[in-house]
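J.: Next one to model:
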Amino acid sequence: MTISPKERKAYGFPTPLQKLNPAPIIAQRAPKTSDISYRIGQVWIDKSNDDSYILTSVSSGNANWQPTSSNTAGSAPISKYVVAKDGSAGYTTIQSALDAANAAGGGIVYVRPGFYVENLTCYDDTQVVGTTAYPEFTTRIQGIHVPPTGLHEFTFANLYLSSSTHIFNSTAAGAGTLTIKNCKIDVGNGYTYNLPNWTNTLQIIDSDSIPSVHNGCVNNTGGCVVRLIGSRCGDGTSNAMNISGPFEIRECEIRPPIILRANAGSTFRNITNTKFLEDLTIIDTAQAHLMDCYFDVGNNYAITNNSTGLLTISETTIDSTVVGDALQGTGTIDLGSITFINNSNIAGTLTINNSSRFASSGLKIVEGTNAVMGIATLVAGIVIVNTTKVTANSRIFLTHQNNSGTPGFVSVIARVVGTSFTITSSNAADTSNIAWQIIEPM
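T.: As a prediction, this is how the structure comes out:
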């Protein structure tokens, strides 16, 4: 349904209603007690008389829709729980609005633009929603917040969340679902979710962690479910992300180091279409399936698998310039189609399963300047190959790619560590193309 510019402001908000979370139900009637298929806090706008309602509870199959107030242009907003620092709404602090919503059984707290410095105590069945969203994020909350520990949900949405340490911080074994959606996250040195004992679900959806000192994003060893969807998560290297239960990571950029562990037993996990800027470590009995991922880890190893569970990697690119092995550990890896840039070394301590995907797609290694694989053309039976990857211990494998001239036997007769190596043929009339590959021993 299209909302006109007049209607955008008719319910107390300067920006489109579609940005509210969840979006209001807009209908030509008032809600009924039979309208039960909605979350607590859902707003219903009756356009036939410009009234608005909020769902406060569902009991015995009947929905309790409480009227807010008549909504004419510039008058009361669509929720009873609206916060404005200038006193133009019902509350001047987020905590007071949350307390009121909790006392009524739940609801959405809408926060108008401003800089709010509050350490919030959060409640089940409530949401804190900014009235402007991407790209403005003019509603900023600075503080460390205590999550509810019940069985229900709490959500931050359309907000700029900042803290010098953590956004959520608690040692409680919480059993509810926490969601951060469409937010900008600014953590100095800590975690977005510092909830080591949480047992249910932590979610970050369509959000952006801005560059910071050390934001590990998630710290949990209690076995909870973690969902990271469409987000840039964390930053820095000091605080590793710790995930200990089932998870889904999809369409993300993971900036800190990440450790996957199993709290109890083996649990399958999926990571798809995700970029890693630091190393991934898998321990205990954790399992993981990486597909369509990219590791851009610089002078670090890309993956360490020390888990007794299976790691499956397919359709993935690994770019590591580390001296040593790009893939290391003592576990088992099922390799599909892999593209290595720079370093293609795989530790001999790993068990590699060459699956049907690997057999059909093959191992892919990028060629080019300073590569570990390429083709060189003999001129009068000799050619110098320039690459910084050659070492004193390099094993250099050669084969005729295309025969030309009078082929002979080829060998490496000289090398300059970190600079080049020389291929020669037993026949000076050999002008063949020679394929070469460098592999480093353990």
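J.: For residue 277, see how far away the most centrally placed residue in the chain is.
T.: Nearest residue to the geometric centre of the chain (Cα atoms, centre = their mean): residue 252, 3.8 Å. According to Cβ to Cβ, to the nearest Å, residue 252 and residue 277 sit 11 Å apart. Any C-beta I mention is one placed from the backbone N, CA and C, and that applies to glycine too.
J.: and what of residue 239?
T.: Remark: distance between residue 239 and residue 277 (Cβ to Cβ) = 14 Å.
J.: Over to residue 249?
T.: Residue 249 sits 14 Å away from residue 277, going by Cβ to Cβ.
J.: what about those two, which has more around it?
T.: Ranked by neighbour count (other Cβ atoms under 10 Å), residue 249 and residue 277 place residue 249 first, with 27 against 19.
J.: moving C-terminal of the strand or helix carrying the more buried one, what's the next helix or strand?
T.: Following DSSP states H and E, one finds residue 249 within strand 247-250. For strand 247-250, the following helix or strand on the C-terminal side (DSSP H and E) is strand 253-254.
J.: Quick check: next helix or strand after that next one?
T.: Where DSSP H and E defines the elements, the next helix or strand beyond strand 253-254 is strand 258-260.
J.: Report the distance from that next one to the chain centre.
T.: 12 Å (Cα atoms, centre = their mean, to the nearest Å).
J.: And for it, what's in contact with it?
T.: Outside strand 258-260, the residues that touch it by Cβ atoms under 8 Å, 6 or more residues apart in numbering are 240-244, 247, 269, 276, 278-283, 286, 288, 307.
J.: Let's see that with 10 Å instead.
T.: 216-219, 221, 226, 233-234, 240-245, 247, 249, 267, 269, 271, 276, 278-284, 286-288, 304-305, 307, 309, 311 (Cβ atoms under 10 Å, 6 or more residues apart in numbering).
J.: Can you name every helix or strand that the strand or helix carrying residue 339 contacts?
T.: Element membership of residue 339 [criterion: DSSP H and E] is strand 338-342. Judged by 3 or more Cβ pairs under 10 Å, 6 or more residues apart in numbering; DSSP states H and E, the packing partners of strand 338-342 are strand 294-298, strand 316-320, helix 356-361, strand 363-365.
J.: Check the ones you listed for me: which has the lowest mean pLDDT.
T.: Of all these, the minimum mean pLDDT falls on helix 356-361 (a mean of 45).
J.: can you give me how far whichever helix or strand comes after the strand holding residue 339 is from the chain middle?
T.: Going down the chain from strand 338-342, the next helix or strand is strand 351-354, by DSSP H and E. Centroid separation for strand 351-354 versus its chain: 27 Å, with Cα atoms, centre = their mean.
J.: Quick check: mean pLDDT of strand 351-354?
T.: Mean pLDDT, strand 351-354: 79.
J.: Let's test this: mean pLDDT of the strand holding residue 339, rounded?
T.: So the average pLDDT for strand 338-342 ends up being 88.
J.: buried ones in it?
T.: By neighbour count on 16 or more other Cβ atoms under 10 Å, the buried set for strand 338-342 is 338, 340-342.
J.: Show me the shaky parts of the stretch 1-150 of the chain.
T.: 1-22, 49-50, 68-78, 133-136 (pLDDT under 70).
J.: All the strands of it, residue numbers only.
T.: 25-27, 43-46, 51-59, 62-67, 82-83, 107-111, 114-117, 126-130, 139-142 (DSSP state E, counting those that start in this stretch).
J.: Appreciated, that's everything.
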